[in-house]
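Asks: Got a predicted structure here, sequence first:
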Amino acid sequence: MKTPKSVLVLGSGGLKIGQAGEFDYSGSQALKALREEGIRSILINPNIATIQTSEGMADATYFLPLTPEYVKKVIEKERPEGIFLSFGGQTALNCGMELYDEGVFYKHGVEVLGTPVEAIRLTEDRELFANRLKRIGAFTPRSIAALDQDAAVAAAEQIGYPVMLRAAFALGGAGSGLCRNEAQLITRCAKAFSLSPQVLVEEWLGGWKEIEYEVVRDSGDNCITVCNMENFDPLGIHTGESIVVAPSQTLTDEEYHGLRSVALKVIRSIGIVGECNIQYALDPRTSEYRIIEVNARLSRSSALASKATGYPLAYVAAKLALGKSLAEIPNQITRVTASCFEPALDYCVVKIPRWDLSKFKEVDTHLGSEMKSVGEVMGIGRNFEEALQKALRMTGMGYPGLSRLPAFSSLEDGALRKTLREPTDKRIFAVYEALSRDWSVSSIHRLTAIDPWFLHKIEKVRRIEAEIIAAPRPLARKLLLSAKKAGFSDSQIGVAVETGEKAIRVLREHYRLFPQVRQIDTLAAEFPAETNYLYMTYSGEGHDIRLSSKGVMVPGSGPYRIGSSVEFDWCCVNAIQTARSLGRSTIMVNCNPETVSTDYDVCDRLYFEELSLERILDIYEFERPEGMILSMGGQIPNTLATRLFEAGAVILGTSPESIDRAEDRHKFSSLLDELDIDQPEWRELTTLDEAKGFAAEVSYPVLVRPSYVLSGAAMNVAWDEASLSSFLALAKGVSPDHPVVISKFIENSKEIEVDAVARHGKILYNAITEHIENAGVHSGDATVVLPAQRLYIETIRRIRRISAAIAQALRITGPFNIQFIAQRNKIKVIECNLRASRSFPFCSKVSRVNMIDLATRAILDEDTGSPPASALDLPWVGVKAAQFSFSRLHGADPVLGVEMASTGEVGCIGPDLDDAFLKAMLSVGYRIPKGKILLSTGPLEDKIEFLESAKRLADLGLELWGTGGTYRFLRSRGIECRRAHWPLEKKEPNIATMLQGREFDLVINVPKNNETRELKNDYAIRRAAVDYNIPLFTNIKVAKQFIDALVSVKQKGMEIKPWEDYR
């Protein structure tokens, strides 16, 4: 094939449930491959926090919505010769298919590189896929494709209930699920058809194993399997929701090779060029298989397989798409073999999802075929139980490993059986509880369909724990080593023997028991390899590498979760890159397989390990680096600062004492008093009665704020005594070793943030951003503007003075963030984080000053140059908007508050606020309305504030519908509006009926008050809008800005310009 001169790469947009950081990793690898081949790269991705949208990654970077309309505009402007569709998940694939069908690629001479479009269509269209597999003699579940609800009902009757419903062209199992009867099928169809034009009704294969193979094929028909994986959970739980083990542990040799042969046959028949994933159901009784699906693109599983094997799947796929053969591409890890060698593993890998379901009231915690997890971790060990226990701790949910949770210990046997039968995000702990009650492996297998092999391994862990508890003190060396080989942490053992973590570490050192450093070399030592990809284990003798006694160690941010996402990976990677450019050796520690920071070529040494005190100290004591940078990976490394310092580690940058002074709410509030800096009235909690007295004194509402938390965990606004009592109980549980502060919550105030870099207490650079929403919406969920557009000059001056005073008092060296609230020029400080915040990538890219590069130079005491003082005078505007995943969180109320709810973000740039704002809104899934709009605008003051916007909507020719009060208010002001009846009313036209029929293009529903749970009608409107994929605003200020932007852009058009041109 002719090598293209320029290639367009489609990203995946804001991180959401079902589509997360794995596509930053795959897209970054694709751009690297293009760079090596000397091909000009053009990237479209509005996710401003990603590594792939960084300086030097692409030749032209567009922060634009990933929709056919905007991709087409970039094609017209840039004229690429080729396009990659398989590196941006389902979003990129669907967008590319639509453009292909419209003839845009043909018209502009753009060639789809890699897997041909017809092969992609074969895998995405459920009917075509099933027919192709039948033709080549491959087995699939009995299934019938349907284009409407009636056809789906008829298909289910023909196949027989229960059935599995799957939506075509959907992301992360969206709209899919088990249907046991017609009523359930009809309910699921309503949602599935709001997402996709086609559904597949297929036979239910409950209790079968789920197996996956990652397959690579080049254009010369050379084909290999890179990794096979086995789900711990049986079929019926989405693979993204399941614990996954690599390589498979329970397959016979015949099953393994049989499925491998089928995979190669299917991929060749379809015509994949590059990488793909094939998923099987396998009957454990008969070894019969069924092919569930093939993903003709990079996926979550391929990111996991890459990190599990060390085989750079995305990089290889990009090279294959450019016409290279597998034999031509060197193995980047071994450097002595080609990419046509299949990896062999002499270790076990366990992936565990990270859920944040506890953040949402009313959410359904049961797991099924639709994804709900927000991230994942990967544990590596020499055996399954070691890798499993590591991975459980890595999730950051506070689990010590396998253990008895109080929530299950208190259950009656009948309730425990139900929990085992109906899986939730904590089912593995229900399994452990059942084994602790001496239930047999066979009885648990009957309830869960989890393979007995896995259950026996968990039972082994339980037996070791029982031995530890019963053993004489101090523990014998043999028992301690046995526990460490099975993945027990020092803390876990310390709890069992009631001595604490430190005592077990001392005992280990006395016995000379230390973890060994192992290399991942992809070929299980069959060929020599010098690799920097490492893990630690207590199995085996001697280290694979020598200690470095130099360099800088950077602990990462762990699994993506609500509050800590790809933005902290960007910070870590940039810190590593700056340190390397300064000639420093670098050591990265992280456990998230979706990240760029865990790529083999980012740092000098990569430890795929736990971000715990024990393991960070193990690595530090082995490597003996010059110090650690803890301010890049978010809250997790920051929380370890004091204990690491006390254990003798050198902490680079701001001192742990200062970190504690800023993080401890009581100490920080005292500091502000010393500096005479205003803050909301506060008091440290000692008793509930005192708390009630303080609330009565300052008057409700009050804010309950625990120390050392991420994304506002357990932060709540209490509006009365009852809510104060319940919130205090919750906050105390989050951080029992630190005090809880209660402060006055100031309503109707503006929230402002400063992201800055300082050196020895002197600020080098700052970016002041403002929120469009009033204070009360968590900063991670707010819509953020840089430079601030609506602040008084005096407000800005005061913010700068306060920031300088705090930086000086805390002797800050490195990145920090301060949050303020302002009312009529009165400024109050809310909090200060002595680390990079989630808005550092946004501020860096909008201002064109890499604040992490600057911070790393300051931390390493290197020359920082002369950056501009601030980002105040930019001739353009950036807007950061939150990406929500409420559609996956069934039952959750999509109203925002002080605890964070978003799973990702986007950032867009334009010549003015309206341009950048509309781009950002379209990038997170809003659409320009063309027909009916439903208005329910809350209390009278909001109705008055929204009046001018309602007039503008009417002037745009849109049809306004209102609930009772809004309808009467608008009609009385002369604005044409039609009445829609509440969902619980029996009258038509009814909002519930109209939402289900997707008659509205936009819903604006503003909560009336915050004193009690919203009226059922309002909740029903918001939830139905989310369920039926209708854009929803619940904040009056954001809704107003959206309408202003619609009017402005309609008059002036939208700027289409690459980021590189904003200088």
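Replies: In hand now; what should we look at?

Asks: what distance separates the longest strand seen in the chain from the middle of the whole chain?
Replies: Secondary structure of the chain per DSSP state E: the longest strand is strand 762-774. What separates the centre of strand 762-774 from the centre of its chain is 25 Å, taken as CA atoms, centre = their mean, to the nearest Å.

Asks: Packing partners of that strand?
Replies: If contacts are counted by 3 or more CB pairs under 8 Å, 6 or more residues apart in numbering; DSSP states H and E, strand 762-774 sits against strand 750-759, strand 784-786, helix 793-809, helix 840-847, helix 851-859, helix 1036-1052. C-beta here means a position set from N, CA and C on the backbone, and glycine is covered the same way.

Asks: Mind doing that once more with 6 Å?
Replies: Helices and strands touching strand 762-774, as assessed by 3 or more CB pairs under 6 Å, 6 or more residues apart in numbering; DSSP states H and E, comprise strand 750-759, strand 784-786, helix 1036-1052.

Asks: Now mean pLDDT too, for these, in CSV please.
Replies: Output for the helices and strands packed on strand 762-774, formatted as CSV (pLDDT from 0 to 100):
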stretch, mean pLDDT
strand 750-759, 97
strand 784-786, 98
helix 1036-1052, 96
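
Asks: out of these, which comes closest to Pro423?
Replies: helix 1036-1052 (36.7 Å; CB to CB).

Asks: Could you pull out the buried residues of the closest one?
Replies: By 16 or more other CB atoms under 10 Å, the buried positions in helix 1036-1052 come out as 1036-1046, 1048-1049.

Asks: Mind jotting down where the strands sit in the stretch 551-700 of the chain?
Replies: Under the criterion DSSP state E, counting those that start in this stretch, the stretch 551-700 of the chain contains strands at 552-555, 586-590, 605-608, 627-629, 651-652, 682-684.

Asks: Now do the first one, average pLDDT.
Replies: It stands for strand 552-555. Strand 552-555 shows a mean pLDDT of 98.

Asks: got it, and the fifth one?
Replies: For strand 651-652, mean pLDDT is 98.

Asks: what's it packed up against?
Replies: strand 627-629.

Asks: how far out from the middle of the chain is the strand it packs on?
Replies: The mean C-alpha position of strand 627-629 is separated from the chain mean by 26 Å, CA atoms, centre = their mean.

Asks: Each with direction, which strands does that strand pair with?
Replies: Partners of strand 627-629 in the sheet, by DSSP bridges, are strand 552-555 (parallel), strand 651-652 (parallel).

Asks: which one of these lies closest to Pro868?
Replies: strand 651-652 (25.4 Å).

Asks: any chance of the strands of the stretch 551-700 of the chain in JSON lines, with distance to Asp720 and mean neighbour count too?
Replies: Shown next, in JSON lines, are these (distance: least, CB to CB, whole Å; neighbours: other CB atoms under 10 Å):
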{"stretch": "strand 552-555", "distance to Asp720": "42", "mean neighbour count": "28"}
{"stretch": "strand 586-590", "distance to Asp720": "43", "mean neighbour count": "27"}
{"stretch": "strand 605-608", "distance to Asp720": "48", "mean neighbour count": "26"}
{"stretch": "strand 627-629", "distance to Asp720": "44", "mean neighbour count": "23"}
{"stretch": "strand 651-652", "distance to Asp720": "43", "mean neighbour count": "21"}
{"stretch": "strand 682-684", "distance to Asp720": "18", "mean neighbour count": "19"}
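
Asks: Low-confidence bits of the stretch 151-300 of the chain, can you list those?
Replies: 171-172 (pLDDT under 70).

Asks: All the helices of it, residue numbers only.
Replies: Applying DSSP state H, counting those that start in this stretch to the stretch 151-300 of the chain gives helices spanning 182-195, 253-270, 300-309.

Asks: Next: the stretch 601-750 of the chain.
Replies: With DSSP H, counting those that start in this stretch, the ranges of helices along the stretch 601-750 of the chain come out as 613-623, 635-646, 656-663, 665-674, 688-698, 721-734.

Asks: Counting by contacts, list what the last one packs against.
Replies: When you say that, I think you mean helix 721-734. By 3+ CB pairs under 6 Å, 6+ apart, helix 721-734 packs against strand 702-706, strand 716-718.

Asks: With distance to Glu501, mean neighbour count and mean pLDDT as extra columns, can I get the helices of the stretch 601-750 of the chain in a markdown table?
Replies: Below are the helices of the stretch 601-750 of the chain laid out as a markdown table (distance: least, CB to CB, whole Å; neighbours: other CB atoms under 10 Å; pLDDT from 0 to 100):
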| stretch | distance to Glu501 | mean neighbour count | mean pLDDT |
| --- | --- | --- | --- |
| helix 613-623 | 7 | 20 | 97 |
| helix 635-646 | 10 | 20 | 94 |
| helix 656-663 | 18 | 21 | 94 |
| helix 665-674 | 25 | 17 | 90 |
| helix 688-698 | 31 | 15 | 87 |
| helix 721-734 | 20 | 16 | 74 |
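
Asks: Let me know the secondary structure of Leu935.
Replies: strand (DSSP: H, G, I helix; E, B strand; the rest coil).
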